[in-house]
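Participant: Provided below are the primary sequence and the corresponding predicted coordinates.
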Amino acid sequence: MAVRQKAMATLPKLIRAMRNESPKHHNLVLPSLRRAFSLYDQINLIDNVPEDQLRFQEFDETSFTVNGVKYDGSLLCVGNLLMSWSPRSFSEITTDSLSIFQTVRPIPELLIIGCGRYNHPVNPQVRQFVKSIGMKLETLDSRNAASTYNILNEEGRIVAAALLPYGVTS
């Protein structure tokens with residue numbers, strides 16, 4: 001019963017966090033699919049998630065917190081590998097900045113680009129480059145990109161994310 005009461009107390013906060021378009025706090029916690037299912041049904045539908053799996057937990061204007069560690073600047077995630085990424089603005093996302101995907105195996109089914117605070121259309125050359133490698137491309141603001149990566153990664157899908165910090169506006 002205590003678990004159910006805790007879940008019911010947390011549910012309104014989770015719903016408010018997911019409805020808010022722009023963050024009101026300096027650091028925001030990203031929603032987790034596993035937590036959402038547990039709150040509603042007290043059933044963990046994805047109970048075989050390894051503890052070493054990457055999870056974006058928070059973000060602010062210049063950094064991301066992944067598995068309890070704060071990383072400044074842009075990040076590139078492939079499966080459960082995390083690395084610093086050179087672009088500091090959306091205009092710096094080029095075929096060269098994504099060239100690592102020519103050597104990554106297995107090829108991720110989806111590349112999620114986090115554009116910063118706002119979503120931007122990606123350059124047609126970049127879109128064609130990603131398609132030629134065999135991936136699909138999705139562009140989102142960085143908050144939603146990190147959440148989407150978490151959910152797909154928790155499902156066991158092979159996905160990649162290229163994320164600019166949330167404070168980037170162009």
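Facilitator: In hand now; what should we look at? Numbers count the residues shown, from 1 in each chain.

Participant: now the strands for the chain?
Facilitator: 28-29, 56-59, 63-66, 69-72, 75-78, 81-84, 110-114, 136-140, 159-163 (DSSP state E).

Participant: straight-line length of stretch 58-71, end to end?
Facilitator: End-to-end distance of stretch 58-71 (C-alpha to C-alpha, to the nearest Å): 10 Å.

Participant: which stretches of this structure have low pLDDT?
Facilitator: 1-4, 6-8, 11, 14, 18-51 (pLDDT under 70).

Participant: quick check: which of the strands of the chain is nearest to Ile15?
Facilitator: Nearest to Ile15 among the strands of the chain is strand 28-29 (13.4 Å), distances taken as C-beta to C-beta. (Glycine included, C-beta is placed from N, CA and C.)

Participant: is Gly73 in contact with Ser89, as I believe?
Facilitator: No: between Gly73 and Ser89 there is no contact under C-beta atoms under 8 Å: 11.5 Å.

Participant: who has more neighbours, these two?
Facilitator: Gly73 (16 against 13; other C-beta atoms under 10 Å).

Participant: thinking again about what came up before, now mean neighbour count and distance to Asn150 too, for the strands of the chain, in a markdown table please.
Facilitator: Converted to a markdown table, those look like this (neighbours: other C-beta atoms under 10 Å; distance: least, C-beta to C-beta, whole Å):
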| stretch | mean neighbour count | distance to Asn150 |
| --- | --- | --- |
| strand 28-29 | 16 | 11 |
| strand 56-59 | 22 | 6 |
| strand 63-66 | 20 | 10 |
| strand 69-72 | 13 | 15 |
| strand 75-78 | 22 | 10 |
| strand 81-84 | 12 | 13 |
| strand 110-114 | 24 | 10 |
| strand 136-140 | 17 | 13 |
| strand 159-163 | 26 | 9 |
